[in-house]
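*Asks:* would you be able to build a 3D model of this:
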Amino acid sequence: MLQMPKQFRNYETEKKRLTKPFAVLFPDTKQIDNHLFCHKSEKELLKSTQAPIVILPLKKQIDLALEQIAPNMKTIGAMLPNSGILHLISNLFQKPLIATSGNFNGSSIFADQNEAVKTLNPIADYYLHHNLEIQNSQDDSVIKFSRKNRQKIILRNARGFAPNLDVSFLENTSERLLCLGATLKNTITITPNNQVYMSEYIGDLLNFDTYNRFEKKIQNYQHFFDFSPKTVVCDRHPNYENNKIISALVSKDQNVATVKIQHHEAHFSAILSEKKLWQKSKILGVIWDGSGFGSDTEIFGGEFFEYDHNVIIRIGHLECFSWILGDQMAKNPKMSALSISRNSVFFQSYFDKNELKIYSKLIKNSTIKTSSMGRLIDAVAFTLGFKEIILFEAEAGIYLENLAQQAFNKSDLKLKDYLKDEEVTHLIPTKKLLLQVAKAAQTNKDFDIIALNFHYTLVKCIEKVAAFSKSKEIAFSGGVFQNSVLVDLIIDHLKPKYKLHFHETLSPNDENISFGQLNHYLHLKK
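*Replies:* A predicted model of the protein is given here:
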């Protein structure tokens, strides 16, 4: 007989998730309807064979422990039972339950019984074991829809969707290829025969356990498919974690060739392939994310590309600003705000005298510049109230999206372009845009409206660059396009003039990099 723990355990802290939200397991759709707004298309997906987690907006309520489940969120990741044991537990309990993976935040799922008991003992009160060996542990897939236009956005492709992803939009190749993907949100893609196989989400390879899982995944694919790659395709970043495996592959077979693809061109290639656009011309690619290696002195992240007749060229980007303290900048939004504003007085008050002296000197002397849209979004979120250290990736971006969604739900709202008087051709004036947001925040405390206007300004920038490039079709990729408010605004304001292409089979984030590398190699490198 099972007994309850003697005292309440703070699993949020013990799993090292802190503010990162948990998914919630509901016994049936009736209980989901009691707590969350659930559209017909979302309900069908929840009840499908794949049974992913679906992100749903909250109704007003008092009977869910929201601060423990999803601190500061307006949404919850909902799921229905997808296995026999989950059905039994859910039917017995008949209440919503937090459902989380058997791991610590950032590490791989522990699929071995002995390893799980040994490692999870500090946070698990009980274990339910079975005698089946787990060959291929997977995370849950996560999907959401934009609120207004019902655009499907895949946040994570895993259980149920991968590696059985429908990749019929890829041209057959007999070449033996291994594409290593990105360091964050890693996947791998292989062509061991005339088919292509894209793995499920593997994770962030900066974590030791996840990197081991990445290596094992490649070994398993080589064994299952009797496959030895003749060409390895990887990112141009010289220090990517997954590039370490290349030397091991080459040592086994001296005939293995290595091809390097720029990160954002891989993103663009992924959407060009998913939407079968390679035979078309004059496609504008809007590729926005946190960072990707551009050159020894520049980190890309807010890019405009053009595809035309088997050539991709970079035609525009966010105006660059100083990149300081490496990855620390992605964790502390006020660093981005200070760097983008170039020491504006508006942001100086958030630093003590010593901090300001150090950061100002770093900004002035920085030899690395960035066009990162992710860091601009962090800076705007900071300006509009997000003053914390970022504890999980895109936390500031989700805050800003939720803020903008509040205003987007209002009727008769007049949107404002903060760069209306600026001539935007191929460069978005980053400093000017941030200072316009800061100026609005000083005189208007309706931060939700300012957040929505910032998103609208980005849409108008896309429109201006599209007019400059004379493109009639626009394709979008990169993690920023998991923002449903931005996607809805793009559809509302650009669809009448342009043909728009969003990811629907692949996730827009770095999961699609390995598939983009494959297609960039097949269509452009060769």
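
*Asks:* for the stretch 151-300 of the chain, which segments count as strands?
*Replies:* Applying DSSP state E, counting those that start in this stretch to the stretch 151-300 of the chain gives strands spanning 152-156, 177-179, 189-191, 197-198, 231-235, 257-261, 283-295, 298-307.

*Asks:* whoops, the stretch 1-150 of the chain was the one
*Replies:* 23-25, 53-57, 75-79, 97-99, 142-145.

*Asks:* partners of the first one, with directions?
*Replies:* Sheet pairing for strand 23-25, assigned by DSSP bridges, gives strand 75-79 (parallel), strand 97-99 (antiparallel).

*Asks:* looking at it, K460 is touching L419, isn't it?
*Replies:* Yes: using C-beta atoms under 8 Å, K460 is in contact with L419, at 6.9 Å. No exception for glycine: its C-beta is placed from N, CA and C like everyone else's.

*Asks:* between these two, which is the more surrounded one?
*Replies:* The neighbour comparison of K460 against L419 (other C-beta atoms under 10 Å) goes to K460, with 20 against 17.

*Asks:* what comes up buried for whichever strand or helix holds that one?
*Replies:* Using DSSP states H and E, K460 falls within helix 447-469. Across helix 447-469, burial judged by 16 or more other C-beta atoms under 10 Å covers 447-466, 468-469.

*Asks:* likewise for stretch 145-152?
*Replies:* F145, S146, R147, K148, Q151, K152.

*Asks:* residues in contact with the residue nearest to L205 when sequence neighbours are not counted?
*Replies:* Leaving aside its sequence neighbours, L205 sits nearest to E241 (C-beta to C-beta, 6 or more residues apart in numbering; 4.0 Å). Contact analysis of E241 by C-beta atoms under 8 Å, 6 or more residues apart in numbering lists T183, L205, L206, Y211.

*Asks:* again, but for T49
*Replies:* G160.

*Asks:* let me have the strands of the stretch 151-300 of the chain in JSON lines, adding distance to S360 and mean pLDDT as columns.
*Replies:* Formatted as JSON lines, the strands of the stretch 151-300 of the chain follow (distance: least, C-beta to C-beta, whole Å; pLDDT from 0 to 100):
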{"stretch": "strand 152-156", "distance to S360": "37", "mean pLDDT": "96"}
{"stretch": "strand 177-179", "distance to S360": "42", "mean pLDDT": "95"}
{"stretch": "strand 189-191", "distance to S360": "44", "mean pLDDT": "92"}
{"stretch": "strand 197-198", "distance to S360": "45", "mean pLDDT": "90"}
{"stretch": "strand 231-235", "distance to S360": "33", "mean pLDDT": "94"}
{"stretch": "strand 257-261", "distance to S360": "36", "mean pLDDT": "93"}
{"stretch": "strand 283-295", "distance to S360": "22", "mean pLDDT": "95"}
{"stretch": "strand 298-307", "distance to S360": "20", "mean pLDDT": "97"}
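
*Asks:* could you dump those into a markdown table with distance to L338 added?
*Replies:* Output for the strands of the stretch 151-300 of the chain, formatted as a markdown table (distance: least, C-beta to C-beta, whole Å):
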| stretch | distance to L338 |
| --- | --- |
| strand 152-156 | 30 |
| strand 177-179 | 38 |
| strand 189-191 | 39 |
| strand 197-198 | 40 |
| strand 231-235 | 29 |
| strand 257-261 | 33 |
| strand 283-295 | 18 |
| strand 298-307 | 17 |
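
*Asks:* can you check which of the ones you listed gets nearest to K361?
*Replies:* Closest to K361 of the strands of the stretch 151-300 of the chain, according to C-beta to C-beta: strand 298-307, at 19.9 Å.

*Asks:* paired strands for the following helix or strand past that closest one, with orientation please.
*Replies:* Using DSSP H and E, the helix or strand that follows strand 298-307 towards the C-terminus is strand 312-318. Sheet neighbours of strand 312-318, with direction, are listed as strand 298-307 (antiparallel), strand 427-428 (parallel) (DSSP bridges).

*Asks:* what residues of the first one count as buried?
*Replies:* Going back to what we said before, that points to strand 298-307. I299, F300, G301, G302, E303, F304, F305, E306, Y307.

*Asks:* swap in stretch 288-301?
*Replies:* Buried-residue list, stretch 288-301, by 16+ other C-beta under 10 Å: W288, D289, G290, S291, G292, F293, G294, I299, F300, G301.
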